[in-house]
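**Q** what shape does this take:
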Amino acid sequence: MMESGPTHALTPTAPLADGETVVHGFHPDRATYWRDHAWMAAGAMGLGMLILWVMDNPHVWTGAVGGLAAIAIRAGYIASDELAVRWDLTNLRLLGPGGRAVPLSGIKAVNKLGSAVQVVTHGGDKHLIKYQADSTATRAQIERAMAGGRG
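**A** So this is what the prediction gives:
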């Protein structure tokens, strides 16, 4: 049986430093989660049908069924974990699940990838803050904090 320690935590576990305060918490948006999975399902359905068509399979429609089933099962299986993840922006760091702690001065780039925000460190580490209702606003808050403003 696996233990559920800090490396499996879905919320920040890093202790706050002296003078450090949480400015904002980033939570995934349920509607965005399901919308993103609907788009993935549409893509999987189309790809499944295309593959069967290229293989000259007379039952091309089964590719749509398979693609939809695969994404629906995935979405349902991981929803409880993905929707429980939280990232905290402090005046000094970005704190994430599993003990992740990125100093604001260590962030090289903040990129928007659909509904996700990718944080890239100077060391090359990449972190995703997924399923944001407004990923542009999330990105702006992090960049404002990096510039020394409040999140």
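
**Q** for stretch 103-123, buried residues please.
**A** Going by neighbour count (16 or more other CB atoms under 10 Å), the buried part of stretch 103-123 is 104, 106-107, 110, 115-120. To be clear about C-beta, it is placed using only N, CA and C from the backbone, and glycine gets the same treatment.

**Q** would you mind measuring the gap between the ends of that stretch?
**A** The first residue of stretch 103-123 is 12 Å away from its last residue (CA to CA, to the nearest Å).

**Q** mind starting the numbering at 33 from now?
**A** All set: I'll call the first residue 33, so the last point we hit is now stretch 135-155.

**Q** for T122, which residues make a bridge with it?
**A** Assessed by DSSP bridges, T122 has beta-bridge partners V54.

**Q** sorry, back to before: and which of the buried residues of stretch 135-155 is nearest to G78?
**A** G78 lies nearest to S147 out of the buried residues of stretch 135-155, by CB to CB, at 20.3 Å.

**Q** now do the helices in this protein.
**A** Along the chain, counting by DSSP state H, helices occupy 62-86, 93-114, 167-178.

**Q** and the longest one, what other elements does it pack with?
**A** In this structure, helix 62-86 packs against helix 93-114, with contacts taken as 3 or more CB pairs under 8 Å, 6 or more residues apart in numbering; DSSP states H and E.

**Q** which strands or helices does the helix it packs on pack on?
**A** Packing contacts for helix 93-114, counted by 3+ CB pairs under 8 Å, 6+ apart, involve helix 62-86.

**Q** buried set for the helix it packs on?
**A** When burial is assessed from 16+ other CB under 10 Å, helix 62-86 yields the following buried residues: 64-65, 68-69, 72-73, 76-77, 80-81, 84.

**Q** any chance of TSV for those, columns pLDDT and distance to T53?
**A** Output for the buried residues of helix 62-86, formatted as TSV (pLDDT from 0 to 100; distance: CB to CB, whole Å):
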residue	pLDDT	distance to T53
T64	98	27
Y65	98	29
D68	98	31
H69	98	35
M72	97	37
A73	97	41
A76	97	43
M77	98	46
G80	97	49
M81	98	52
L84	97	55
